[in-house]
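Peer 1: Give the three-dimensional model of this entry:
(2 chains)
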Amino acid sequence: MPVEIMENGAPWGRKDVLPPAQGGAFVIVKIPDVTAQQVKDALQARWGCDLCDEEGDRSARRRIQILVDNLPNNVRNQLRTTGSYTATWAQVKSFVQHIRTGETV
Amino acid sequence: MPTSTIGSTGDHLTVAAWEAATDNDLSGVGIEIGEIIEALSTTAVLTIAGATGLDSTHYRELTVNSAHRHAGVWDTGKQNFQVSSTNIVITIDEAFGRLSYIQAKNTHATNGGGGIFKIGNVTGCQINQCLGWYTAPAGTDDAAVFYVNGAGATNFVIRNCIGYAGRHGVYVSNASATGGVIQNSTFVGNVVSGVKAVVSVTMTLTNVYCGGNATRDYDQAGSANYAYTTVTCMASDTNSTESGLTNSIAYSTSNFTNVTAGSVDVHLVTGSALIDAGTDLSGSFTVDIDGVARSGTWDVGADEFVAGGGGGTSHRPSTRMFSGLGR
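Peer 2: Numbering: from 1, shown residues only, chains lettered A, B, ... in the order given. Have a look, this model is predicted:
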């Protein structure tokens, strides 16, 4: 479940970057070929909702998920152990799903 | 009592990240604090929800470190939420959740929704030393600065808070939201009411000032006759007959530093009628909205006036500095 979309170079907090294997709560997916606003706009255009609670509806955030089970094993392993993975938007968006409909971006 | 810092050099970059990281089972944790450690300006709304194992000693609190707290006046150089949204800026949707020292503004320009602080259908929540400023037009009733919503919103606390220019300063929307208290707070310049509640809400207001609110200062179901309890409260209205309420206390510079819309500063001035007019609540808390100790006979409202002179300094953060020269 995505929590934040920030531009490249965002100074993530110490706990934000802690890998799951070390007890961290998050992973960071780096998508250098698009801006944060482009990602937000794509989600807004696709499903009419803002990912990051700007519409004030916590359930909106939960409607959009990256289903970890669908990720390739090497990606899951890297996210678990290092806490981050770099991909293109074309690679990422096929895993960004609307949880109720199964539609991807 | 784990504390996570929030900011560019903290444990979490954003309040949203802190909220998402800590919405866990707190039964073995205690009080989970998120402390903003810089002049962080948040432009997205926030909902605090999802933690479990909650009670009066197990809850989450979002607060600000002392260096970056507001001083009872809107200050963009301090931590702030600045949002333009038809939704509530900050919602507490889990039991016993707390906010302290937060300043937040909603600037959306259309009617409908979009208040500042909301306590949802959950018990035991507290909002302390928070300042809310709403610059939109009349909107709907949930466009209050402090909005208490839901039958389960019992035993809430709104303390040492300031709210202005919303539809209401406080709006309590459910008759079953019993046991709430509003203490030492100031609600001014709101489009309809200072404090409004629906029929039969029982709550106690102590040392509250409401003034300059367009329809009436204290309201219940559209009437100036209310069932909630007021103790040493004050109003600029002239005609209320409720007990525990003093009328005709002007919302003016005779009582406050600045009452000009857009530059409101409700720190008390010398000679203010609110000085030494309150009830001592030191069994519950001992400071005012900007952390100044309350002493002697308490003042009404969010600010405790501190006079200058005699052997020390008293700092009025936004307006003046007094030196201890015995004047």
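
Peer 1: Can I get the biggest helix by length in chain A in PDB, CA atoms only?
Peer 2: Assignment by DSSP state H gives helix A:36-47 as the longest helix of chain A. The C-alpha coordinates for helix A:36-47 follow below in PDB (Å, rounded to 0.1, in the frame of the first residue of the first chain):
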ATOM      1  CA  ALA A  36       6.100  12.400  -8.600                       C
ATOM      2  CA  GLN A  37       3.400  14.600 -10.100                       C
ATOM      3  CA  GLN A  38       3.300  12.400 -13.200                       C
ATOM      4  CA  VAL A  39       2.600   9.300 -11.000                       C
ATOM      5  CA  LYS A  40       0.000  11.100  -9.000                       C
ATOM      6  CA  ASP A  41      -1.700  12.400 -12.200                       C
ATOM      7  CA  ALA A  42      -1.700   8.900 -13.700                       C
ATOM      8  CA  LEU A  43      -3.400   7.400 -10.700                       C
ATOM      9  CA  GLN A  44      -5.900  10.300 -10.500                       C
ATOM     10  CA  ALA A  45      -6.700   9.900 -14.200                       C
ATOM     11  CA  ARG A  46      -7.000   6.200 -13.900                       C
ATOM     12  CA  TRP A  47      -9.100   5.900 -10.800                       C
END
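
Peer 1: And it, what's buried?
Peer 2: A:39, A:42-43, A:47 (16 or more other C-beta atoms under 10 Å in any protein chain shown). Quick note: C-beta positions are derived from backbone N, CA and C, even for glycine.

Peer 1: cool, and stretch A:15-32?
Peer 2: A:15-19, A:24-29, A:31.

Peer 1: host element of B:Lys196?
Peer 2: strand B:193-197 (DSSP states H and E).

Peer 1: So which residues of the chain form helices?
Peer 2: Using chain A. A:36-47, A:58-63, A:73-82, A:89-93.

Peer 1: oops, I was thinking of chain B
Peer 2: B:15-22.

Peer 1: Which residue does it have closest to chain A?
Peer 2: Nearest residue of chain B to chain A (C-beta to the nearest C-beta) works out as B:Asn87 at 2.7 Å.

Peer 1: quick one: that residue from B:Ala143, how far?
Peer 2: Per C-beta to C-beta, to the nearest Å, B:Asn87 is found 10 Å from B:Ala143.

Peer 1: The two - which one has more neighbours?
Peer 2: B:Ala143 (28 against 20; other C-beta atoms under 10 Å in any protein chain shown).

Peer 1: what's the more buried one sitting at in phi/psi?
Peer 2: phi -80, psi 40 (degrees, to the nearest 10).

Peer 1: Now for chain A, the helix or strand with the poorest mean pLDDT.
Peer 2: helix A:58-63 (a mean of 59; mean pLDDT, DSSP states H and E).

Peer 1: sorry, back to before: any chance of the buried residues of helix A:36-47 in TSV, with distance to chain B too?
Peer 2: Output for the buried residues of helix A:36-47, formatted as TSV (distance: C-beta to the nearest C-beta, whole Å):
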residue	distance to chain B
A:Val39	15
A:Ala42	18
A:Leu43	14
A:Trp47	17
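
Peer 1: For those residues, work out which two are farthest apart.
Peer 2: The distance between the two most remote of the buried residues of helix A:36-47 (C-beta to C-beta) is 12.7 Å, for A:Val39 and A:Trp47.

Peer 1: Just the pLDDT for the residue with the largest distance to the centre of chain A.
Peer 2: In chain A, A:Gln22 marks the outermost C-alpha relative to the chain mean, sitting 19.6 Å out by C-alpha atoms, centre = their mean. We have a pLDDT of 93 for A:Gln22.

Peer 1: what sits against it?
Peer 2: Each residue near A:Gln22 by C-beta atoms under 8 Å, 6 or more residues apart in numbering or on different chains is listed here: A:Gly83.

Peer 1: For it, give its distance to B:Glu32.
Peer 2: 19 Å.

Peer 1: ditto for B:Leu62
Peer 2: 10 Å.
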